[in-house]
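[1] output the structure for:
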Amino acid sequence: MPRRASQMLRFIVVGGSIAGVACAYALQEAGHQVLVVEQGDGRSNSHGGIRSPPNMTRLLNHWGLGPAIARVSIKANRFTFKDGKSGEELGPLVLHEKLMKALTADFLYIQHGALHAMFVEFAKNAGVQFRYNTQVVSVDPWKGVVITRKGAKLSADVIIGADGYKSVVRPVVVGPEGMKGVLDKRVSVNITVPTDLMRQHQDLVKLTVSPEWSLWLGDDCAMHGLLTVDPRSSKKEYAVVMHVPTDGKPAQESWARSQPLDEKFLKLDRFEPRVQKLVRLAQTMTPTGYTIYEPFDNWVHESGRVVLVGEAAHPLMPNGSHNAAMSIEDAMTLSTLFSLPAAKSHTPLLLSAYEELRQPRCAATQASELRKRDFVCLPQGPEQQARDDGLRDARERALLDWDDAEEEFLRDTWEEYIDLFAFDAREAVEDWWTKWGPAISRPRMLDPRIESVVGKFESLHLKVDVLQEAVA
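    Take a look at the predicted model:
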């Protein structure tokens, strides 16, 4: 239900990423006025593959995107681990029908560009305004103003920083620590291969039809691949990601610039001949470096008017399973909070709730993604051998029907995945509102903890007003 006009807020979203456009769409649908400011021209030509785990797919379905997603996605049936050098199948992780039914959503593969274009279309149809080729260079958090390179000043009740890894908005909220981090020891490389080319090679044909997510575990490196659908041609493509050592050389932190294929850089000789053949069918690659940050203490500026979402708030390892999922969860959390029957004056409180709900979830996911990446990239040695032996030993049990498998095996295998997949961002907000809503709705009976949050923002506003009067 749209909010009443007296409660309607004006939002400016800095950055037209999936995170930014998803937030814009969801907030507009909640009855607010949203403007997206994007430095690019709005066209997304990214053919990389996105994994949509159940915690993301469930939210897309809630927004009514399910039918549109179904036309451009592929449903996963298993994850298959292979020895990178020999191609031997070490073991699978089967997405059992009974498990997926309990999770009420599928694990899907979607082309990045397809998902982005879909959100842009839905957002525009909902009434979101877009300003392309407009670069934001600074933000005044106390006045709620963004300033563009051309000097234009755009004002809003709330500014959302959705401008990615190299966010302009992040330092305003986080401070200097928002620009400090440790360079990752690996580079993530995107490669896309048309399945038309793959079908010309008999040993690659299976990859053009299988809904498996295949992972090749190499020596100090790894590669994984999955099928995606190009919505413009309806043809399938094979989206490859390679994780390789940096060898001490920094890589660009950008998804936009591709370069000629470099077999030495990709450590291609560490993989089986079939993988080498597959990769050589591509002409270009897009390497992306990554700076590892400790989770930021603040996602909301002390003015209560600026908030971070997506990679601006929680820079995740590139090409993980939950990059898009965390952004979609951010969007769902914000929009659900700003659909509650709260007054406009409660905006800082709702932003504080967003921060409280999202920070632990994203920090845990960030750690999980890095742990899994390092697991598949072990260098040759005792740890790698133990990993491979463990996958081989579990292979037969992994193929058993869900009801026939041992409870201890299922718990050891699936506990972390289920924690990630079963999370519902809407339910998290509903639980928060059940706890705090009655007190918020009765301002004379505020809980002391709520009063402390509201008071913090009010006192800061008072200090700023006094300073501005003194300057004047």
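[2] what strand or helix carries C23?
    In this structure, C23 is located in helix 18-29 according to DSSP states H and E.
[3] distance check, A398 against E212.
    Taken as C-beta to C-beta, to the nearest Å, the spacing of A398 relative to E212 amounts to 13 Å. Just so you know, the C-beta spots here come from the backbone N, C-alpha and C atoms, and that holds for glycine as well.
[4] hey, what's in contact with both of those two?
    Taking C-beta atoms under 8 Å, 6 or more residues apart in numbering as the contact criterion, the common neighbours of A398 and E212 are P92.
[5] ok, how many other residues are close to D41?
    As a burial measure, D41 scores 9 neighbours (other C-beta atoms under 10 Å).
[6] quick one, what contacts it?
    By C-beta under 8 Å, 6+ apart, the residues touching D41 are Y132, N133.
[7] pLDDT score for it?
    The predicted local distance difference test score for D41 is 89.
[8] over to it: give its phi and psi.
    When read as degrees, to the nearest 10, the backbone of D41 gives phi -90, psi 0.
[9] what's the distance between it and A312?
    With distances taken as C-beta to C-beta, D41 is found 21 Å from A312.
[10] still on that earlier bit, list the contacts of the helix holding C23.
    Defining contact as C-beta under 8 Å, 6+ apart, one finds that helix 18-29 is touched by 11, 13-14, 34, 36, 38, 63, 112, 115-116, 119-120, 122-123, 126-128, 160, 162-164, 309-312, 324, 327-328, 330-332, 334-335, 338.
[11] thought A398 was touching L410?
    No - with contacts defined as C-beta atoms under 8 Å, A398 does not count as touching L410, sitting 9.9 Å away.
[12] and those two? Which one has more around it.
    When A398 and L410 are compared for neighbours, A398 comes out ahead with 20 against 17, by other C-beta under 10 Å.
[13] show me where the stretch 351-472 of the chain dips below the pLDDT cut-off.
    Within the stretch 351-472 of the chain, the ranges that satisfy pLDDT under 70 run 443-472.
[14] let's see 90
    Applying pLDDT under 90 to the predicted model, the residue ranges of the stretch 351-472 of the chain that meet it are 396-416, 438-472.
[15] that one: helices as residue ranges?
    For the stretch 351-472 of the chain, applying DSSP state H, counting those that start in this stretch gives helices covering 382-399, 407-421, 425-441, 448-471.
[16] tell me the helix or strand right after the helix holding C23.
    Moving toward the C-terminus from helix 18-29, the first helix or strand encountered (DSSP H and E) is strand 33-37.
[17] quick one: V37 and V13 touch, right?
    Yes - counting by C-beta under 8 Å, V37 touches V13, with 7.0 Å between them.
[18] same drill for the two, tell me which one is more crowded.
    For V37 and V13, the more surrounded residue by other C-beta under 10 Å is V13, and the numbers stand at 31 against 24.
[19] in the sheet, which strands lie alongside the helix or strand hosting I160, parallel or antiparallel?
    Following DSSP H and E, the helix or strand that holds I160 is strand 158-161. Applying DSSP bridges, strand 158-161 is found paired with strand 10-14 (parallel), strand 306-308 (parallel).
[20] for D140, which non-adjacent residue is spatially closest?
    Of all residues not flanking D140 in the chain, I147 sits nearest, at 7.1 Å (C-beta to C-beta, 6 or more residues apart in numbering).
[21] buried stuff in stretch 75-91?
    For stretch 75-91, the neighbour count (16 or more other C-beta atoms under 10 Å) marks A76, N77, R78, F79, T80, F81, K82, D83, G84, K85, L90, G91 as buried.
[22] re the thing from before, what is the mean pLDDT for the helix or strand where the residue nearest to D140 lies?
    Here I147, judged by DSSP H and E, is contained in strand 145-148. Along strand 145-148, the predicted confidence averages to a pLDDT of 98.
[23] who's in contact with it?
    In this structure, residues lying in contact with strand 145-148 by C-beta under 8 Å, 6+ apart are 12, 14, 37, 134-140, 153-156, 159.
[24] what subset of those is buried?
    Under a neighbour-count criterion of 16+ other C-beta under 10 Å, the subset of the contacts of strand 145-148 counted as buried comprises I12, V14, V37, T134, V136, V139, D140, L154, A156, I159.
[25] now do the last one against I328, distance only.
    According to C-beta to C-beta, I159 and I328 sit 20 Å apart.
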